[in-house]
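Trainee: Coordinates for the following, if possible.
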Amino acid sequence: MCAVVIITLAMTGSEQIAQAAPTVQRTIELNNTVLSYREHGEGPPVIFVHALLLDSRLWVDQLNEVCTQRRCLAPDLSGHGNSSPLLATQVDQAKYAAELREFMDRVGATQPAHVVGLSAGGVIATLLCRDHPQRCRSLTLISTTLDGALDAAGARYRAENARTVVLEGKDTLFRRFNEYIVSPSATLHARARYRSMLEQTPYETLVAFLTTRSFPNLLEDNRSLSLPVMIPVGTGDSVVNQERAKNFSTIFDNSRIVTLESAGRLLPLEAPKELNSALEVFWKSVEDPEP
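Mentor: Purely as a prediction, here's the structure:
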């Protein structure tokens, strides 16, 4: 069992940091795909990994506020955003982790990176850090399930959504997801950006994700991670609550749980200032540990 420190942050937020240069959008060619990515700042690398069915726009508020002394990179994974289409008919998170490592190589992010992931993006980030621990300085997991849980009812629900989105369109899927992905207190702006990302995800990617039946169960993996891990938990998160976060934290040797009041699963959109503040505090503790 690892020790877990629980920290509660007030919703007052942190002051926005003025940036000298804007976030830029670039493309990079990998062996089998072309990825679009957003980049901001210079210094040690930070890698942001979006949830599947979303894209790098998820991290716009983080890219604009926490990159004064770091090089922040947020790729669109293949099949998402402006990157090449997903050719596979099923989602393989291990292959996405390999794609992420190749992306880091190609953009020259060779120093150990702070890696941040949301939902399935957190699983991908964990696989990267598990298989290539020398590439990761810290790991932040937002609303990430690590037990690969998908029962028969869940599989049927996902299959129904796959059929619905193809026959009835993405509007129906957004309305279903909107009920539990974001908290009731989420702003209209947060919901609008979420909807924009979901609606611009190709139908093929939606179907591949919703019909995938097998996901990694990292709780059964004996390879624990020794790097520092932060698990921010929104009190309005209907998927990863404090109890599940504590259970997931047991596979890490050095972890902390941070509570963000009211926010749901989409912390980068729903509580950007509070999340940014938590990231800054966490990264500073990793970079300048107290004696």
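Trainee: Need the nearest residue in space to residue 165, chain neighbours excluded.
Mentor: Nearest residue to residue 165 in three dimensions, chain neighbours excluded: residue 173, at 4.5 Å (CB to CB, 6 or more residues apart in numbering). From N, CA and C alone the C-beta is placed, and that goes for glycine too.
Trainee: Looks to me like that neighbour is in a helix.
Mentor: Yes. Checked against DSSP: H, G, I helix; E, B strand; the rest coil, residue 173 lies within a helix.
Trainee: burial count for it?
Mentor: 21 (other CB atoms under 10 Å).
Trainee: Pretty sure it sits against residue 167.
Mentor: No. Counting by CB atoms under 8 Å, residue 173 does not reach residue 167; the two are 11.0 Å apart.
Trainee: Would you tell me what the next helix or strand after the helix or strand of the chain with the lowest mean pLDDT is?
Mentor: Ranked by mean pLDDT, DSSP states H and E, the weakest helix or strand in the chain is strand 4-9, scoring a mean of 46. For strand 4-9, the succeeding helix or strand toward the C-terminus, using DSSP states H and E, is strand 24-29.
Trainee: Now do that following strand: distance to the chain's middle.
Mentor: Offset of strand 24-29 from its chain centre (CA atoms, centre = their mean, to the nearest Å): 19 Å.
Trainee: Assign the residue nearest to residue 214 when sequence neighbours are not counted to helix, strand or coil.
Mentor: For residue 214, ignoring the flanking residues on the chain, the nearest one in space by CB to CB, 6+ apart is residue 148 at 7.5 Å. Here residue 148 is coil, with the state taken from three-state DSSP.
Trainee: And for residue 187, the neighbour number?
Mentor: 11.
Trainee: okay, and for the protein, where does confidence drop off?
Mentor: Along the chain, the parts satisfying pLDDT under 70 run over 1-20, 222, 291.
Trainee: Which parts of the stretch 1-150 of the chain are helices?
Mentor: Ranges of helices within the stretch 1-150 of the chain are 60-63, 93-106, 120-131, based on DSSP state H, counting those that start in this stretch.
Trainee: To residue 282, which of those lies closest?
Mentor: helix 60-63 (12.7 Å; CB to CB).
Trainee: how about that closest one as CSV, C-alpha atoms only?
Mentor: The C-alpha trace of helix 60-63 is given here as CSV (Å, rounded to 0.1, in the frame of the first residue of the first chain):
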residue,chain,number,x,y,z
VAL,A,60,-6.0,24.8,-23.9
ASP,A,61,-6.4,26.4,-20.5
GLN,A,62,-3.4,24.4,-19.2
LEU,A,63,-1.2,25.2,-22.2
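Trainee: elements contacting it?
Mentor: strand 34-40, strand 71-75, helix 267-270, helix 272-287 (3 or more CB pairs under 8 Å, 6 or more residues apart in numbering; DSSP states H and E).
Trainee: so what strands line up beside the first one?
Mentor: What it means is strand 34-40. Take DSSP bridges as the rule and strand 34-40 pairs in its sheet with strand 24-29 (antiparallel), strand 71-75 (antiparallel).
Trainee: Rebuild these as a markdown table, extending it with mean neighbour count.
Mentor: Shown next, in a markdown table, are those (neighbours: other CB atoms under 10 Å):
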| stretch | mean neighbour count |
| --- | --- |
| strand 24-29 | 13 |
| strand 71-75 | 25 |
